[in-house]
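No sequence on hand, only this structure:
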Ligand SMILES: O=C(O)CCC(=O)C(=O)O
Ligand SMILES: [Fe+2]
């Protein structure tokens, strides 16, 4: 499927003030298993920490940054690792579908249901005003939630990020909505997520 050009409109989520597309089976289960295995082994996964109220706490997931541009995270300038072949392959598949270009990727590895990501939006200045973010999931299925920043009349929306799925967030999505990947008490296996981004500066 990724080789052909695809009509994205039929995958658009009904989320006001946003532009989000979700393709549950962008990769076949076989492709997804291969990518999961390759990424588990070839990526230089790190356990980073976050400063919270002056204390260093381990992040509830493993992470890795690859690409062409340095990025600022928690006030520190970080240099990415150079592109790995598997990441360039995924990047070019995604660029064909979205018609957008990406110069960096953040990888997240959720070791169990206890790993998670809190409410945030990807609205750093270096991503520009209307960032296009392409998010791929391999491995265990996890719930992903959207919550509007100000309009309490708009209900939160949750979707299941399936193995081999592609989620595209663009337009005003980051400006108006927050998203998160909550913990779950279900006994589940690992999940690997990649978010391709375009860093402007
Ligand atoms: O793991 C996910 O699906 C969420 C990733 C995410 O929101 C991010 O990397 O900014
Ligand atoms: Fe995010």
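Yep, that arrived. Keep in mind that this is a model prediction, so the values were computed, not measured. Ligands and ions are numbered 1, 2, ... in the order given.

Looking at strand pairing, list the partners for the residue in the chain that ligand 1 sits nearest to.
Of all residues in the chain, the one sitting closest to ligand 1 is residue 193 (3.5 Å; CB to the nearest ligand atom). From N, CA and C alone the C-beta is placed, and that goes for glycine too. Residue 193 has the following beta-bridge partners by DSSP bridges: residue 108, residue 137.

And residue 56, by the same measure?
With DSSP bridges as the criterion, residue 56 is bridged to residue 51.

wait, residue 146 sits on residue 176?
No. Contact between residue 146 and residue 176 fails when scored by CB atoms under 8 Å: they sit 9.6 Å apart.

quick one, which of the two is more surrounded?
The neighbour count for residue 146 versus residue 176, taken as other CB atoms under 10 Å, is higher for residue 146 (23 against 18).

pLDDT value on the residue lying farthest from the centre of the chain, please?
Distance from the centre of the chain peaks at residue 54, with 27.4 Å (CA atoms, centre = their mean). Residue 54 carries a pLDDT score of 90 in this model.

Please apply the same query to residue 134.
pLDDT, read off for residue 134, is 98.

any idea how far residue 161 is from it?
Distance, residue 134 to residue 161, by CB to CB, to the nearest Å: 13 Å.

Identify the residues contacting residue 192.
36, 39, 40, 107, 108, 109, 110, 137, 138, 139 (CB atoms under 8 Å, 6 or more residues apart in numbering).

do the same with residue 39
Applying CB under 8 Å, 6+ apart, the residues contacting residue 39 are 86, 107, 138, 192, 194.

Same question for residue 200.
Residue 200 is in contact with 126, 127, 128, counting by CB under 8 Å, 6+ apart.

Tell me, how many residues neighbour the last one?
In other words, residue 128. Neighbours of residue 128 under the rule other CB under 10 Å: 15.

hang on, isn't it packed against residue 197?
No. Using CB under 8 Å, residue 128 makes no contact with residue 197, being 9.9 Å away.

Please pick the buried ones from the contacts of residue 39.
86, 107, 138, 192, 194 (16 or more other CB atoms under 10 Å).
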